[in-house]
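[1] Whatever this is, show me its structure:
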Amino acid sequence: MFKRSIPLPRNLDYAAADAQYDDGVLTVKIPKMHLEQENYKKINVKKKGKKEPMQA
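    Numbers count the residues shown, from 1 in each chain. Next comes the predicted model:
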């Protein structure tokens, strides 16, 4: 029997996990949680006196 463990981040939606075994290849898909993605927002920061946005 073959066994392998891989640590995974906590912000994954394990209830929506999907696994497929085809021709000796195991494919596991675990999507990220939507709530975690909504907590982050990109904000453009402008330098005073310039009209061009800076990289933040």
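[2] Looking at the chain, which residue reaches furthest from the middle?
    Taking C-alpha atoms, centre = their mean, the residue of the chain most remote from its mean C-alpha position is residue 49, at 36.4 Å.
[3] And that one, how far from residue 43?
    Separation of residue 49 from residue 43 (C-beta to C-beta, to the nearest Å) stands at 19 Å. To be clear about C-beta, it is placed using only N, CA and C from the backbone, and glycine gets the same treatment.
[4] same deal with residue 21?
    Residue 21 is 43 Å from residue 43, by C-beta to C-beta.
[5] With residue 32 instead?
    Distance from residue 32 to residue 43, by C-beta to C-beta: 21 Å.
[6] Which one's more surrounded, the two?
    Taking other C-beta atoms under 10 Å, residue 32 and residue 43 do not tie; residue 32 has more neighbours (12 against 7).
[7] tell me the contacts of the most centrally placed residue in the chain?
    Nearest to the geometric centre of the chain sits residue 32, at 4.9 Å (C-alpha atoms, centre = their mean). Counting by C-beta atoms under 8 Å, 6 or more residues apart in numbering, residue 32 touches 11, 12, 13.
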